[in-house]
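Colleague: Predicted model and sequence follow; I will ask about them next.
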Amino acid sequence: MLSLFSGVSTWVGAAVVAVSGSPVGALAVGIAGGAAALGLYVAAVRLLERRQVTELAREDALRNLSKGVCGGLVLFTLTIGLIAVLGGYRITGWGSGGAAIAAFGVMFGVAVSEELLFRGVLFRIVEERAGTWGSLVVSALLFGGLHLANPNATVWGAVAIAVEAGALLAAAYVATRTLWLPIGLHLGWNWAEAGLFGTAVSGSGKTGPGLLDSVLSGPTALTGGAFGPEGSVLAVLICGLAAAGFMVLARRRGLVRPRRTARS
């Protein structure tokens, strides 16, 4: 199942990037690819695990997805706002509304496929044996390591992604036991980063165009350098605090699962 969704994630990502120059095409392909991945996940879980797919329950799906998108937008806006206040980010003009629409389609397909793979499959499988904390660490490190393949990747950038995305998104899943919230967080953050504020995503080597044209300048610790704002110490601190908050909530709700022993 893990290899299946790894292939699906790669295919969806390649498909939406291939049409990213067309706003309507990117939006349509991104949404269609994400919907197809969701359908395949539900079918695979029912067939292989023979259970109801509670992590993608339709009840409150739109509400949790919307909350996640808004949360991701707020977290990135706070991050880039602080970078701007400290002199590391400057808006140079308006970009393209069409580019913002295209970015939404691209990021929707990417967010859905990556969350199904890393939180829906990998995190759940590891958690069954290693418990919640063990799975959080393992899945976060693997998620960060995945980004070392990007053109402007750095070891620090991978560590930053492991904390601010890998840990945050896993914690959001644990606190709610629904994939809709981390999908929304992932989408909102990435869309704000590329589609609204016109900055590079995870060392992809691509900056803009987004709704805004902008430049990053200053110390790498502040701006993230070529890796993009996700390499900023501020992004790590803000998202790390959000992840900690989700884990506190998960603990209060009794949703943190212990490590499975050999006898259990």
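Modeller: Noted; the coordinates are in hand.
Colleague: In space, what's closest to residue 235 - neighbours in sequence excluded?
Modeller: residue 79 (4.8 Å; Cβ to Cβ, 6 or more residues apart in numbering). In short, each C-beta sits where N, CA and C put it, glycine included.
Colleague: so when I look at the one you found, I'm seeing a helix, right?
Modeller: Yes: looking at residue 79 with DSSP: H, G, I helix; E, B strand; the rest coil, it is inside a helix.
Colleague: dump the residue contacts of it.
Modeller: 229, 232, 234, 235, 238, 239 (Cβ atoms under 8 Å, 6 or more residues apart in numbering).
Colleague: Could you pull up the contacting residues of the third one?
Modeller: Going back to what we said before, that points to residue 234. Counting by Cβ under 8 Å, 6+ apart, residue 234 has contacts 79, 82, 83, 222.
Colleague: and which of the residues you listed is nearest residue 259?
Modeller: Nearest to residue 259 among the contacts of residue 234: residue 79, at 33.1 Å, using Cβ to Cβ.
Colleague: Residue 60: neighbouring residues, count only.
Modeller: Residues contacting residue 60 under the criterion other Cβ atoms under 10 Å number 14.
Colleague: Please state the backbone phi and psi of it?
Modeller: Dihedral pair for residue 60: phi 60, psi 20, per degrees, to the nearest 10.
Colleague: before we move on, what about residue 52?
Modeller: phi -70, psi 140.
Colleague: same thing with the one 3 residues further on?
Modeller: Dihedral angles phi and psi of residue 55 (degrees, to the nearest 10) take the values phi -70, psi -10.
Colleague: Now residue 169: closest residue in space that isn't a chain neighbour?
Modeller: Closest to residue 169 by Cβ to Cβ, 6+ apart is residue 182, at 4.1 Å.
Colleague: quick one: which helix or strand includes the spatially most central residue of the chain?
Modeller: Nearest to the geometric centre of the chain sits residue 186, at 3.1 Å (Cα atoms, centre = their mean). Using DSSP states H and E, residue 186 sits within helix 180-190.
Colleague: in whichever helix or strand comes after that helix, what counts as buried?
Modeller: Proceeding N to C from helix 180-190, the next assigned helix or strand is strand 212-216, under DSSP H and E. Residues of strand 212-216 classed as buried: 212, 213, 214, 216 (neighbour count, 16 or more other Cβ atoms under 10 Å).
Colleague: Now those residues in JSON lines, please, with extra columns for distance to residue 48 and pLDDT.
Modeller: Formatted as JSON lines, these follow (distance: Cβ to Cβ, whole Å; pLDDT from 0 to 100):
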{"residue": "212", "distance to residue 48": "44", "pLDDT": "93"}
{"residue": "213", "distance to residue 48": "47", "pLDDT": "91"}
{"residue": "214", "distance to residue 48": "45", "pLDDT": "92"}
{"residue": "216", "distance to residue 48": "44", "pLDDT": "93"}
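Colleague: And those, which is closest to residue 73?
Modeller: For these, the nearest to residue 73 is residue 212 (13.9 Å; Cβ to Cβ).
Colleague: In the stretch 101-250 of the chain, what residue spans correspond to helices?
Modeller: Chain-ordered helices for the stretch 101-250 of the chain, with DSSP state H, counting those that start in this stretch as the definition, fall at 124-146, 155-161, 168-176, 180-190, 220-223, 233-252.
Colleague: how far away is residue 235 from residue 71?
Modeller: 14 Å (Cβ to Cβ, to the nearest Å).
Colleague: Also residue 153?
Modeller: 26 Å.
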